[in-house]
Every structure is written in structure tokens, then in C-alpha cells.
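Trainee: sequence and predicted structure are below.
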Amino acid sequence: MKATSKFLSEEEYLAQMKTGALLNPRIDSTFKALFTQPTEESRNALHSFLEAATERKIRSVELTANEAPEAFVGQRGVSYDILCIFDDGQPANLEMMAFNQKYDYGKRAEYQVARLETTYLRKGDTWEKAPKVYQITVLDFVYDKTSNEPVSRYAMRTKDNRTLSDNLNVIFIELPKAIGLEDRIGQNTALENWAIFLKDADNPEKTGVIKKLTEMEAGLMNAKQSLSSISENQDLWVAQYRQEIMERDYNSSMSAAKSEGIAIGEERGRSEAKLEAARNFLRENVPEEVIARCTGLPLDTVKQLSKN
């Protein structure tokens, strides 16, 4: 994501639109717009991405309401980014996480996919009609530090890899891990090539890579066309500017909180050291007043330690 510090104002930032620059597809608003326009290229891009993510052929895709119904008063709500229904009734939710807000993304994804499952099975349906559901999340940060793979597919399995029903499917695409994939575009999976596109489509230094991708796969060509089209929308540039400002401010506040936490931790460490030193002095029968002067602890605190 571009650093906003080099832009003096919103007006200067928006001037990029007139230079032919492309919006950042890793921004939530751009990601949604890329796949949900009432255009052929947008629909084709969505279809291609879903087939790559689910590893299945899809005849048709329908966009639907983004709010999951609540089963009881007080149930935590779910708002989906791009909720789709396939021709066979199976649903999938797509979302972009532009920056790490320190959520428990694993539990969040499990909750979302479980809500998808409970939404589309009707009263009286047999269990065989329970749909296969997909929660597909693109992350512009590293979630799983134990693996270098950009694509992770999660499902309910035993330790020896036997599946339960294969109905609940969570797919994470971690874009920072896509570095290096551009050197083997012809050997990548379709979803790995999508990861390259989403990571670099707006980077002017990667136009050659994006050109190679779009020449290989029609869905990626449609995605590039859709991105070019929506990049003429000033409202989306405003949304991008504001999200980048929000990310900058969030990271700044987190950094300040971390620094404050370190300072508090260091102070607590110093206090514990003083208390331990006072206890040692007391064992050696050093006068309480002397201990207070040497450690800097209040005399009352030293007297309390002496009683204990």
C-alpha cells in the first residue's frame, strides 16, 4: 500500500486518477468494486476468481444480500463483503483484509463459514442437502508464520487427514507470500496467479508481469479491464485515500501503545527488582530506613515487607 505521507492533500492524491494510475485492489472498496460491477468483464473476473479459489467448475454466479439473518436476539451479526450463490445453491463469501487489525482471523473465518452453512439449510431438508460453503479471504499481511505457502485451504479433518464432510471450507490467500511466484507463472496454480495480480496490479514497476498474466488467462484480463474501468471513479479514489489515512493512523496508534507498554513493563521490572533487593536486605537484618534509602522504596512499603 502506498504511503500517504508523500501526498500533501487529498486533492494531490486524487490527481493520480488523471495520470492513468490504477486503484489498489487490496483496498476493501476497490476489491468489492472490481468484482461487483454490472459489466461483463467484472462478472467474468468474479467467475474466474471463484473457480480458482474453489477448484471447481461453476456454471453461474449470483450476488446476494450481504447480511446473514440472526437466529436469535442478541446473536452476533455477520456482514459479508461479496456473498455469492452458485448455480447449485452453494454459497461463498469473498473478502479482503487490507491490513492486520489483530483480530483472531482463524476463529473469525470459522464463525463466518459456519453461519453460511446454517443460513442455507431449510427446515425439513435432509442432511444430504446441507450445502458446501466457502469463506475466501485475501489478506494483505502474513497470517500463518509457520508456512511460506501463499494459499492455505482449511477444512474439518482428523489428524491423519480423513475428512468429515468437506462442507465447511476456509481459504486464505496471503499476498505477501506471493513474492517469487512471478518467476514461475506457467507452473503456478490459477489462484497463485490471482495472488500475483492482486498484489501487483497497481504497481507500475510490475506492468510486464501483469501483462504476462493477462495474456495467459482471460479471467485475469477481465480483472485488469474492470480495475482500469473503476480507476476512473473519483469516489473510489477518495475511499482509498481515507483508508490509507486510517491505516496510517492505526499503525501509529499501535506503535505508540507498544512503546507505552514496553515502558510500563520496564517500570514494573524495576519495581520488582527493588522489592527483591529489599527482601534480601531484610534477611540480612539491614535497618528499614537504610533499605528505603538504598532502594528508593517508600518506608511504609519496606515495613510491610518486613511484616510479611
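Mentor: Structure's in. What do you need?
Trainee: low-confidence stretches in the stretch 101-250 of the chain?
Mentor: 249-250 (pLDDT under 70).
Trainee: give me the neighbour count for the nearest residue to N167 once chain neighbours are set aside.
Mentor: Distance criterion C-beta to C-beta, 6 or more residues apart in numbering; nearest residue to N167, sequence neighbours excluded, is K132 at 5.1 Å. Backbone N, C-alpha and C define where each C-beta goes, glycine included. Neighbour count of K132, defined by other C-beta atoms under 10 Å: 20.
Trainee: so how far is A223 from K132?
Mentor: As judged by C-beta to C-beta, to the nearest Å, K132 and A223 stand 25 Å apart.
Trainee: likewise for K159?
Mentor: Using C-beta to C-beta, K159 is found at 38 Å from A223.
Trainee: how long is stretch 118-132 end to end?
Mentor: From its first residue to its last, stretch 118-132 covers 11 Å (C-alpha to C-alpha, to the nearest Å).
Trainee: in that stretch, what's buried?
Mentor: By neighbour count with 16 or more other C-beta atoms under 10 Å, stretch 118-132 contains the buried residues T119, P131, K132.
Trainee: between K159 and A223, which has more neighbouring residues?
Mentor: Neighbours were counted for K159 and for A223 using other C-beta under 10 Å; A223 has more, 28 against 5.
Trainee: run the chain-centre distance for the helix or strand containing the more buried one.
Mentor: Here A223, judged by DSSP states H and E, is contained in helix 218-230. Distance of helix 218-230 from its chain centroid, counting by C-alpha atoms, centre = their mean, to the nearest Å, is 23 Å.
Trainee: buried residues in it?
Mentor: G219, L220, M221, N222, A223, K224, Q225, S226, L227, I230.
Trainee: please convert these to JSON lines, extending it with distance to R242.
Mentor: Converted to JSON lines, the buried residues of helix 218-230 look like this (distance: C-beta to C-beta, whole Å):
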{"residue": "G219", "distance to R242": "30"}
{"residue": "L220", "distance to R242": "28"}
{"residue": "M221", "distance to R242": "30"}
{"residue": "N222", "distance to R242": "28"}
{"residue": "A223", "distance to R242": "24"}
{"residue": "K224", "distance to R242": "25"}
{"residue": "Q225", "distance to R242": "26"}
{"residue": "S226", "distance to R242": "22"}
{"residue": "L227", "distance to R242": "19"}
{"residue": "I230", "distance to R242": "16"}
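Trainee: list just the nearest of those residues to E40.
Mentor: N222 (7.6 Å; C-beta to C-beta).
Trainee: so the closest one is in contact with Q37, correct?
Mentor: No - using C-beta atoms under 8 Å, N222 is not in contact with Q37, being 10.7 Å away.
Trainee: domain ranges for this structure?
Mentor: For the chain, automatic domain parsing gives the domain ranges 22-230, 236-308.
Trainee: which among those domains is found nearest to E10?
Mentor: That would be domain 236-308 among the domains of the chain, by C-beta to C-beta, at 5.6 Å.
Trainee: name the helices or strands packed onto the helix or strand hosting K107?
Mentor: Using DSSP H and E, K107 sits in helix 105-119. For helix 105-119, the packing partners by 3 or more C-beta pairs under 8 Å, 6 or more residues apart in numbering; DSSP states H and E come out as strand 91-97, strand 133-139, strand 168-174.
Trainee: so that helix versus strand 168-174, what angle?
Mentor: Using axes from the mean of the first three to the mean of the last three C-alpha atoms, to 10 degrees, the inter-axis angle of helix 105-119 relative to strand 168-174 is 140 degrees.
Trainee: next, the angle strand 91-97 makes with helix 105-119.
Mentor: Angle, helix 105-119 to strand 91-97, by the same axes, to 10 degrees: 150 degrees.
Trainee: ok, residues contacting helix 105-119?
Mentor: Under the contact criterion C-beta atoms under 8 Å, 6 or more residues apart in numbering, helix 105-119 has outside partners 68-69, 71, 76, 78, 80, 91-93, 97, 130-131, 133-135, 137, 139, 143, 154, 167-170, 172.
Trainee: give me the angle between it and strand 133-139.
Mentor: Going by the same axes, to 10 degrees, helix 105-119 makes 150 degrees with strand 133-139.
Trainee: gap between helix 105-119 and the chain center?
Mentor: The chain centre lies 15 Å from the centre of helix 105-119; the measure is C-alpha atoms, centre = their mean.
Trainee: which positions in that helix come out as buried?
Mentor: Result for helix 105-119 [16+ other C-beta under 10 Å]: buried residues Y105, R108, A109, E110, Q112, V113, R115, L116, E117, T119.
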